[in-house]
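K.L.:
Sharing a sequence plus its predicted fold:
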Amino acid sequence: MTSASPIETRPASAGMHPREFVCFIAAVMAVNALGVDLMLPALADIAHDLAIAAANHRQWVITAYMLGFGMGQLVYGPLADRFGRRPVLIATLAGFVGASIFAASSATFAALLGARVLQGLMSASTRVLAVAIVRDGSSGRQMARTMSVAQMIFFIVPIMAPTLGQGLLLIGPWRFIFYALGGFAAFVLAWVAFRLVETLPAERRVPISLTRLRQSYTLTLTNRYSIGYALAAALTFGGIIAFVSLSQQIFVDEFGAGDRFTLLFGICATAMGVASFANSRLVERLGTRLISQVAVLALIGLSIVHVALIVAGWESLASYIVFQALSMTCIGLCGSNFGAMAMEPVGHIAGTASSVQGFITSVGAVIVGSAIGQSYAGTTMPLAVGYLCIGVAVLAIVFVVEEGKLFHARMRAS
């Protein structure tokens with residue numbers, strides 16, 4: 001028997017040093033994070049330049065992108081399982097560069113939204129392929145740890161992105177932000193082209209067929225762990241979208257803290273980064289279930305107290321920052337763990353399963369985040385109530401998935 005080629009023998013780190021691999025996965029994920037957060041300081045300028053009348057309509061610059069991001073994920077899993085991870089990632093990163101140029105040249109709000117949907121469609125591959133590339137070489141707690149370390153680096157992006165966006169606005173119009181997005185995607189594209197080796201060996205690739213897709217979709221959608229934790233991830237991700245969509249209106253319009261927007265946004269994003277770092281250190285010892293379930297209970301408790309504080313008329317900028325940061329910490333302890341648990345029973349169809357789960361997570365999050373965001377009427381109450389509803393719904397899903405037995409270590413037979 002001939003020896004395997006280098007492309008097929010190092011799937012765990014894709015031919016890179018482990019530290020470079022983690023940084024690479026974080027950079028791939030950061031394409032999407034920058035696509036969401038970099039233009040937050042520019043929303044008011046975009047609204048003025050493109051004549052967006054209603055303040056809440058600004059949120060569609062974010063949600064249109066996330067809608068495309070969700071829909072695109074159904075496509076890339078089967079393509080990656082058929083042709084490999086590397087060529088699909090190269091093609092879509094190139095497409096993201098083109099969509100960014102399209103967004104920068106948009107003359108109307110409708111054209112910008114179309115460009116944002118296209119950006120989302122292209123960046124959807126980054127979520128699917130980041131998960132699939134990591135899953136090709138690891139699973140369970142090891143996968144959760146790798147994803148947590150990558151997300152810890154990835155969460156630095158939301159901290160820095162608004163500041164970077166504000167800096168770009170100092171040297172040019174809001175359109176510069178989209179050129180910068182295209183430039184970063186081009187950098188990651190070069191990294192893929194020169195450093196990434198294929199993690200899916202040729203013998204493990206599967207042809208695209210309706211029968212196989214139906215079987216893979218059926219397995220992903222009927223396994224209670226796969227579908228349950230994908231739905232749980234959708235709800236918690238919806239909380240993040242709601243916060244990001246509302247952040248400028250809350251900090252600038254409600255609390256009059258526009259001069260501190262990037263700092264205050266960064267504090268909340270830092271909380272998620274700290275949570276991911278803590279999760280990466282604790283998950284192999286405590287397990288994904290214990291950490292995520294405690295975090296959900298904490299989110300419910302925090303939200304109840306926050307709602308009571310708002311009703312009593314005691315909400316302030318300081319109290320909002322405290323509760324938002326703590327809520328982001330809880331959500332940060334859920335995300336990577338829910339994703340790892342959803343993938344546990346479907347690792348042998350990682351590409352397709354990641355697509356289906358990503359579609360559910362992203363589109364579900366857009367629905368949840370938009371419902372909360374469009375309810376905004378000048379107070380933080382919709383966000384606090386939304387987090388409470390998210391926490392209760394996630395706890396109910398986890399209770400059903402785990403058949404009423406919480407805090408155990410491992411997945412039971414489905």
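P.N.:
Thanks, I have the structure now.
K.L.:
Distance of Thr92 relative to Leu164?
P.N.:
23 Å (Cβ to Cβ, to the nearest Å). Bear in mind the C-beta positions are built from the backbone N, C-alpha and C, glycine included.
K.L.:
quick one, which of the two is more surrounded?
P.N.:
Thr92 (26 against 18; other Cβ atoms under 10 Å).
K.L.:
For Met121, give me its contacts.
P.N.:
Residue 121: Leu, not Met. 68-69, 71-72, 95, 99 (Cβ atoms under 8 Å, 6 or more residues apart in numbering).
K.L.:
so which helix or strand takes in it?
P.N.:
Using DSSP states H and E, Leu121 falls within helix 109-135.
K.L.:
Tell me the buried residues in that helix?
P.N.:
109, 112-135 (16 or more other Cβ atoms under 10 Å).
K.L.:
tell me the average confidence for stretch 317-324?
P.N.:
Averaged over stretch 317-324, pLDDT sits at 95.
K.L.:
for that stretch, which positions count as buried?
P.N.:
Those would be 317, 320-324, for stretch 317-324 by 16+ other Cβ under 10 Å.
K.L.:
List just the nearest of the residues you listed to Ala26.
P.N.:
Of all those, Ala26 sits closest to Gln324, with 23.5 Å by Cβ to Cβ.
K.L.:
list the contacts for the closest one?
P.N.:
Gln324 sits in contact with 243, 268, 271, 383, where contact means Cβ under 8 Å, 6+ apart.
K.L.:
I'd assumed Ile321 was in contact with the second one.
P.N.:
Yes. With contact defined as Cβ atoms under 8 Å, Cys268 and Ile321 form a contacting pair (7.1 Å).
K.L.:
picking up where we left off before, most surrounded residue in the contacts of Gln324?
P.N.:
Leu383 (27 neighbours).
K.L.:
check contacts around it.
P.N.:
242-243, 246, 250, 324, 372, 376.
K.L.:
and with 6 Å instead?
P.N.:
For Leu383, no contacting residues are found, by Cβ atoms under 6 Å, 6 or more residues apart in numbering.
K.L.:
From Phe323, how far off is it?
P.N.:
9 Å.
K.L.:
same check, this time on Phe261
P.N.:
18 Å.
K.L.:
Buried residues in whichever strand or helix holds Ala340, which are they?
P.N.:
Under the criterion of DSSP H and E, Ala340 resides in helix 317-343. By neighbour count on 16+ other Cβ under 10 Å, the buried set for helix 317-343 is 317, 320-343.
K.L.:
Neighbours of Leu219, how many?
P.N.:
The burial count for Leu219: 17, using other Cβ under 10 Å.
K.L.:
Need the three-state assignment for Lys405.
P.N.:
The assignment at Lys405 comes out as coil when based on DSSP: H, G, I helix; E, B strand; the rest coil.
K.L.:
related to what we said a few turns ago, turn the contacts of Leu121 into JSON lines, including neighbour count and pLDDT.
P.N.:
Shown next, in JSON lines, are those (neighbours: other Cβ atoms under 10 Å; pLDDT from 0 to 100):
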{"residue": "Gly68", "neighbour count": "26", "pLDDT": "92"}
{"residue": "Phe69", "neighbour count": "30", "pLDDT": "90"}
{"residue": "Met71", "neighbour count": "17", "pLDDT": "88"}
{"residue": "Gly72", "neighbour count": "27", "pLDDT": "87"}
{"residue": "Gly95", "neighbour count": "18", "pLDDT": "97"}
{"residue": "Ala99", "neighbour count": "28", "pLDDT": "97"}
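K.L.:
Redo the residues you listed as a markdown table? Include secondary structure and distance to Ala30.
P.N.:
Below are the contacts of Leu121 laid out as a markdown table (DSSP: H, G, I helix; E, B strand; the rest coil; distance: Cβ to Cβ, whole Å):
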| residue | secondary structure | distance to Ala30 |
| --- | --- | --- |
| Gly68 | helix | 18 |
| Phe69 | helix | 14 |
| Met71 | helix | 21 |
| Gly72 | helix | 17 |
| Gly95 | helix | 17 |
| Ala99 | helix | 17 |
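K.L.:
Reformat those as JSON lines; add distance to Ser216.
P.N.:
Shown next, in JSON lines, are the contacts of Leu121 (distance: Cβ to Cβ, whole Å):
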{"residue": "Gly68", "distance to Ser216": "23"}
{"residue": "Phe69", "distance to Ser216": "21"}
{"residue": "Met71", "distance to Ser216": "18"}
{"residue": "Gly72", "distance to Ser216": "17"}
{"residue": "Gly95", "distance to Ser216": "24"}
{"residue": "Ala99", "distance to Ser216": "28"}
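K.L.:
what about the residue lying closest to Leu282 once chain neighbours are set aside, which SS state?
P.N.:
Nearest residue to Leu282, sequence neighbours excluded (Cβ to Cβ, 6 or more residues apart in numbering): Ile291, at 6.3 Å. What three-state DSSP gives for Ile291 is helix.
K.L.:
circling back to that earlier point, and the helix holding Leu121, how far out from the chain's middle?
P.N.:
11 Å (Cα atoms, centre = their mean, to the nearest Å).
K.L.:
Determine which two of the buried residues of stretch 317-324 are furthest apart.
P.N.:
Once Cβ to Cβ is applied, the buried residues of stretch 317-324 give Leu317 and Phe323 as the farthest pair, at 11.3 Å.
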